[in-house]
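Colleague: Based on what follows, work out the 3D shape:
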Amino acid sequence: MQEIRGQEAVAYAVSKGLFVNIDETFLIQAESSLRGYSVSMAEVEDFLDDALDEAFDPTKLVKGSKPFDVMVGRYGQGWIYVALEGNHPLREEDLLLQIFEQRISSFGLAGGDILDVVTGEFPNLEDSGFPKSANLNLMFHAALRLAEKERLIAVTDHTCYGNTYFHLPVASSNRHA
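Modeller: Take a look at the predicted model:
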């Protein structure tokens, strides 16, 4: 397992165009410590809903946003991380390649924004060492590793998750097929 945490994770996520991951166990322990009794994640979210005057939405956790600032103000930065690699990185890579290959046979698409690719075929990463909410970042980093191995091609595209569009090498001339 590999991850980065705290301010380093924030800086990395901002520079790469990624969402940060939330360590729910850390939040539960921190909120329990603040209250002096054990709480659940639902109670943490209730607190956040009240503090934000709206339903807590983890997709709005961007540096400088109200949800981000409230959470950092209450809990510090220990809850922030970006998952880089799970317990079985080769399995992550193989699964991602299977998803890309399935997209060709099903939709005629050899590539895409990793956010669309992964959420369309949300992979089951067993024993990754991370909660399911980290799968998007695990798959993004698997795609980067595959690009380094020339099994995927990475194209800079600031409209995509992680500012990168990925496609299989056979489709290099057919980006938006």
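Colleague: Mark out where each domain of the chain begins and ends.
Modeller: 2-83, 86-171 (automatic domain parsing).
Colleague: quick one: the first one to chain centroid distance?
Modeller: Remark: domain 2-83 is offset 14 Å from the chain centroid, using CA atoms, centre = their mean, to the nearest Å.
Colleague: pLDDT averaged over stretch 158-173 - what is it?
Modeller: For stretch 158-173, the mean per-residue pLDDT is 82.
Colleague: Next, the buried residues of stretch 77-97.
Modeller: 77, 79-86, 88-89, 91-93, 95-97 (16 or more other CB atoms under 10 Å). C-beta coordinates here come from the backbone N, C-alpha and C atoms, glycine included.
Colleague: Isn't R145 up against P89?
Modeller: Yes. With contact defined as CB atoms under 8 Å, R145 counts as touching P89 (6.9 Å).
Colleague: Ramachandran coordinates for the residue lying farthest from the centre of the chain?
Modeller: What lies farthest from the middle of the chain is G36; by CA atoms, centre = their mean that is 31.5 Å. Main-chain torsions, G36, degrees, to the nearest 10: phi 80, psi 10.
Colleague: Would you check how far apart Q102 and G120 are?
Modeller: Distance, Q102 to G120, by CB to CB, to the nearest Å: 10 Å.
Colleague: Ok, Y81 next?
Modeller: The value you get for Y81 to G120, if CB to CB is used, is 25 Å.
Colleague: Check I99 too.
Modeller: On the measure of CB to CB, I99 and G120 end up 8 Å apart.
Colleague: higher neighbour count, the two?
Modeller: I99 (18 against 14; other CB atoms under 10 Å).
Colleague: Just to check, that one is in contact with V117?
Modeller: Yes. Between I99 and V117 there is a contact at 6.0 Å, judged by CB under 8 Å.
Colleague: sorry, back to before: would you tell me which one of the domains of the chain is buried the most?
Modeller: The highest mean neighbour count among those, using mean count of other CB atoms under 10 Å, belongs to domain 86-171: a mean of 18.
Colleague: remind me, longest helix of the chain?
Modeller: helix 89-107 (DSSP state H).
Colleague: name the helices or strands packed onto it?
Modeller: For helix 89-107, the elements it packs on are strand 111-113, helix 114-120, helix 135-148, judged by 3 or more CB pairs under 8 Å, 6 or more residues apart in numbering; DSSP states H and E.
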